[in-house]
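Engineer: Based on what follows, work out the 3D shape:
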Amino acid sequence: MSVASKLYQLQTTEQKLRETRQVLKATASRLERNEALEAAQKELSSLQAERDARRKAQRDLEWDVEQLTAKIKDVNDQLYGGKVRNPKELVNLEQDLRSLKRHLAEKEDLLLEAMALTEGAEDRAVAVEEEATGILNAWEREKPQLEQAKAEAEVSLARLTRERETLRAGIDPSTAGLYDSIHRSSGLAVVKVEQGRCRGCNLTVPSGQWQRARSGELVQCGSCGRILYVE
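Structural biologist: Numbering: from 1, shown residues only. Predicted coordinates for the structure are as follows:
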């Protein structure tokens, strides 16, 4: 096996290693937390707080209506009960009664509005709670598959790590250093020559260069500097 072939195999193995690490990281993250569930739970918490505030406002208005209704009854009893006979007092009671009734009508309007707002807040909270429950149940069903995928990724990671170490051991340090340097600066360190072109920069490779590469010599592209690999 030529040096370029070994380096190409090393590069392929390291690419698979990076991909496997990404899969493992994503799978572990998915097992640990569910962003959709967290978002739904956060929204639910906000809606529940709104619902509770609406309920309190409604109860306060209901209490006001009860108090005003009781006052109206008391004034009405005084006005028509026959105990108050003084004309001036009767006029004052009538004025109080009209004022209380106006106030009661205003509170009842506010109460109707509050009841509608409370109902809307309750409906939204129920809907989001059902959504959160659905996400949680789906996540719980998915977890066995995620656990299996995580275990498979860990096995693959261990295997690829061993392969990488074996390949590295078969490449002399100076060549490995060149490979690493090109990888850091250009991403891909080894590229194929196909139809006479370097797949790294897509420029034509002089026939003498790719023939040397085909013979097993370590050759770098004269344009992009990447190591040329000819199958």
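Engineer: helices and strands around the lowest-mean-pLDDT helix or strand in the chain, which ones?
Structural biologist: Sorting the helices and strands of the chain by mean pLDDT, DSSP states H and E puts helix 207-214 at the bottom, at a mean of 90. If contacts are counted by 3 or more Cβ pairs under 8 Å, 6 or more residues apart in numbering; DSSP states H and E, helix 207-214 sits against strand 227-229. C-betas here are computed from N, CA, C, even on glycine.
Engineer: For the strand it packs on, which outside residues touch it?
Structural biologist: With contact meaning Cβ atoms under 8 Å, 6 or more residues apart in numbering, strand 227-229 is reached by 4-5, 7-8, 178-179, 182, 189-193, 198, 205, 209-210, 213, 218-221.
Engineer: do stretch 117-130 as well
Structural biologist: Ala40, Glu43, Leu44, Leu47, Gln48, Glu50, Arg51, Arg54, Arg55, Ala57, Gln58.
Engineer: returning to what we had before: can you tell me which of the contacts of strand 227-229 are buried?
Structural biologist: 4, 7-8, 178-179, 182, 189-193, 198, 205, 209-210, 213, 219-221 (16 or more other Cβ atoms under 10 Å).
Engineer: how far away is Val23 from Glu163?
Structural biologist: Distance of Val23 to Glu163, given as Cβ to Cβ, to the nearest Å: 17 Å.
Engineer: right, and Leu136 touches Leu37 too?
Structural biologist: Yes: at 5.8 Å, Leu136 and Leu37 qualify as touching, with contact defined as Cβ atoms under 8 Å.
Engineer: For this structure, which segments count as helices?
Structural biologist: 3-32, 35-80, 87-169, 173-186, 207-214 (DSSP state H).
Engineer: Export the ones you listed to JSON lines and append columns for distance to Val230.
Structural biologist: Output for the helices of the chain, formatted as JSON lines (distance: least, Cβ to Cβ, whole Å):
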{"stretch": "helix 3-32", "distance to Val230": "8"}
{"stretch": "helix 35-80", "distance to Val230": "47"}
{"stretch": "helix 87-169", "distance to Val230": "19"}
{"stretch": "helix 173-186", "distance to Val230": "17"}
{"stretch": "helix 207-214", "distance to Val230": "4"}
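Engineer: Among the ones you listed, which comes closest to Gly225?
Structural biologist: Closest to Gly225 of the helices of the chain, according to Cβ to Cβ: helix 173-186, at 6.3 Å.
Engineer: Could you report the distance from Asp172 to Leu178?
Structural biologist: Taking Cβ to Cβ, one finds Asp172 at 10 Å from Leu178.
Engineer: what are the pairing partners of the lengthiest strand in the chain, and which direction each?
Structural biologist: In the chain, taking DSSP state E as the definition, the longest strand is strand 190-194. Here strand 190-194 is paired, per DSSP bridges, with strand 197-198 (antiparallel), strand 227-229 (parallel).
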